[in-house]
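**Student:** have a look at this fold, sequence not included:
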């Protein structure tokens, strides 16, 4: 377990920790079932707890509404986010690059 995940474990509930998977580039975060504001705070807190550049794949879903996807693209979540792009193969995912 990385230092980043250890810091997150001190802040997030076990339910939220189950939503975060670390990979070689950063994190994959499942936002299914979260409300717009909850998801925004969750994403921002992950960024605040990680002090280096990384990628974050957000799984927000597509079939049951696009509220989370709209929030990701339309709202400022954190000024460290330098790019946002949709997945070429899955419309329910967005890749963030965090500086």
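**Tutor:** Done, it's in. Predicted model only: the values in this text are computed from it and were never measured.

**Student:** which pLDDT value belongs to the spatially closest residue to residue 86 that is not a sequence neighbour?
**Tutor:** With sequence-adjacent residues excluded and distances taken as Cβ to Cβ, 6 or more residues apart in numbering, residue 86 is closest to residue 94, at 5.7 Å. For glycine as for every other residue, the C-beta is placed from the backbone atoms N, C-alpha and C. pLDDT, residue 94: 96.

**Student:** same question, residue 54
**Tutor:** Here, the pLDDT recorded for residue 54 equals 98.

**Student:** next one: residue 62
**Tutor:** Looking at residue 62, its pLDDT reads 81.

**Student:** thinking again about what came up before, beta-bridge partners for the residue nearest to residue 86, please?
**Tutor:** Bridge pairing for residue 94 (DSSP bridges) gives the partners residue 58, residue 86.

**Student:** any figure for the gap between it and residue 14?
**Tutor:** Residue 94 sits 25 Å away from residue 14, going by Cβ to Cβ, to the nearest Å.

**Student:** what about those two, which has more around it?
**Tutor:** residue 94 (20 against 7; other Cβ atoms under 10 Å).
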